[in-house]
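Enquirer: what shape does this take:
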Amino acid sequence: MRRETLLAVREHAQRDYPREACGLVVIVKGRERYVPCRNVAAGTEHFVMPAEDYAAAEDLGEVIALVHTHPDAPATPSEADRVSCEGSGLPWHILSWPADDLQSIEPVGYQAPLVGREFAHGVLDCYALIRDWYRRERGIELLDFERRDNWWNRGDDLYMQHYAEAGFVVVSQDHPEQGGDVILMQLRSKVPNHAAIYLGDGLMLHHQHGRLSSRDVYGGYWQEITRCVLRLKCDVALE
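Expert: A predicted model of the protein is given here:
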């Protein structure tokens, strides 16, 4: 980034502190310009840039990089930063604030591991893990869907609303039977808000909020909070 661009980023970081600031670097009429965007995330642990802010920046010129801050934390990119950078196809600049340290990353083909990944809602969460498992293990690209922070406490029943669109059907109300079955669970919520992939032999792969993704034995508490088991329509058709 040019010196003037970095100065604008620093000013934005100071204005939004202690929340994460986010914005875009855009080439406007041959000049580099920083376009501050809104962070509409519910908490302070991450940022969510509205699609309309990105579109408005694109109307100004060519977007060449994304910028966000790490308040009171090192500029070292998180696992979610690396995954999101890959998805954006853009270089990312991360500014720690108020330490004022800058680090940059670019898309290099990074993929978060299926086991041991950090949790970041909307980027690395239980549904993201299911999508990644199906992509890597089955070569199937599942539909993604927008999910607001704390959607399960807002009355949104996202899993039940969208499982059919993603290509699944309900095959059981209480227990998975074959590898690849998706287990929907109700974890301290009014709606099913947690999901796992059944791996077979009594094991499941899942990613719980605030924890690393893991393989765990399915049964006991997990079976008690199971609300239904889903299977891809194509797998059901082959049975």
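
Enquirer: shaky segments in this protein?
Expert: 236-239 (pLDDT under 70).

Enquirer: list the contacts of the lengthiest strand in it.
Expert: What stands out as the longest strand in the chain, according to DSSP state E, is strand 62-71. Here strand 62-71 makes contact (C-beta atoms under 8 Å, 6 or more residues apart in numbering) with 1, 9, 12-13, 16-27, 32, 34, 44, 47, 49, 54, 57, 76, 85, 88, 90-97. From N, CA and C alone the C-beta is placed, and that goes for glycine too.

Enquirer: mind giving me the packing neighbours of whichever helix or strand comes after that strand?
Expert: As assigned by DSSP states H and E, the chain's next helix or strand after strand 62-71 is helix 79-88. With contacts defined as 3 or more C-beta pairs under 8 Å, 6 or more residues apart in numbering; DSSP states H and E, helix 79-88 has these neighbours: strand 92-97, strand 101-105.

Enquirer: any idea how far the residue nearest the centre of the chain is from Gly155?
Expert: Residue closest to the average C-alpha location in the chain (C-alpha atoms, centre = their mean): Val123, at 0.9 Å. Shown here: Val123 relative to Gly155, a distance of 23 Å by C-beta to C-beta, to the nearest Å.

Enquirer: again, but for Ser214
Expert: From Ser214 to Gly155 the distance is 29 Å (C-beta to C-beta).

Enquirer: more crowded one of the two?
Expert: Ser214 (14 against 8; other C-beta atoms under 10 Å).
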